[in-house]
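J.: Provided below are the primary sequence and the corresponding predicted coordinates.
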Amino acid sequence: MKYWLYLAAKLVLGAGAVCGLQAALIFFYPQPPPPLPQFGPPPPLFLHDMLFTFATLGVWLIGAGVLFAIFWDQRRRCRICLHRLIMPLRKGSWGNIVTSGRPQTEWICPFGHGTLSIEELQITGHQSPDWQPHDDDIWKELESYYQARK
């Protein structure tokens, strides 16, 4: 739950920053002189003023970049403690897919909460990363690994 609330908070802050940038653009952009009363209300600046339209496009491109950065950062966070995952470990081989498995990268939480496996070969379409939580007793997991190696 904390993982999704953190994502929602980042999205709200990113949207607020982009809306603030758009509001600053509208506030600081020089207004054209008002038209004569017989021609009606002045047209909006967007699509009627090329410089303002391109500046608005730039603001929303920045917004798209912020959205991409938010999701890119969120993918590499622990689902429990929200720390960034570390120690990428490459598994599998492109040359020996049959014997050593498909290539993938595994990231681990620095506090041992879990492992994120990301497939590098996606033949059948996009595959979601696989989050595997670890048991609370890390010594039991290490002991079972040691017993399997004997």
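T.: Sure, I can see it.

J.: When you work out contacts or count neighbours from here on, use the C-alpha atoms and nothing else.
T.: Fine.

J.: List phi and psi for the residue in the chain sticking out farthest from the centre.
T.: Ranking residues of the chain by C-alpha distance from their mean position (C-alpha atoms, centre = their mean) puts Gln38 at the top, at 50.9 Å. Phi and psi for Gln38, reported as degrees, to the nearest 10, are phi -70, psi -10.

J.: any idea of the pLDDT on it?
T.: pLDDT, Gln38: 72.

J.: What separation is there between it and His83?
T.: Look at Gln38 and His83: by C-alpha to C-alpha, to the nearest Å, they are 62 Å apart.

J.: how close does the residue farthest from the centre of the chain get to Asp49?
T.: From Gln38 over to Asp49 the distance is 21 Å, taken as C-alpha to C-alpha.

J.: now Ser128
T.: Counting by C-alpha to C-alpha, the gap from Ser128 to Asp49 is 44 Å.

J.: Let me know the helix or strand that the spatially most central residue of the chain is in.
T.: With distances taken as C-alpha atoms, centre = their mean, the residue of the chain nearest its centroid is Phe71 (1.1 Å). Per DSSP states H and E: Phe71 is located in helix 50-75.

J.: before we move on, what about Leu89?
T.: strand 86-91.

J.: now that strand, how far from the centre of its chain.
T.: 19 Å (C-alpha atoms, centre = their mean, to the nearest Å).

J.: Mind listing what's buried along that strand?
T.: Neighbour-count burial for strand 86-91, with 16 or more other C-alpha atoms under 10 Å as criterion, is recorded at Lys91.

J.: Strand partners (parallel or antiparallel) of it?
T.: Using DSSP bridges, strand 86-91 pairs in its sheet with strand 104-108 (antiparallel).

J.: how many other residues sit next to Trp94?
T.: If you count neighbours by other C-alpha atoms under 10 Å, Trp94 ends up with 14.
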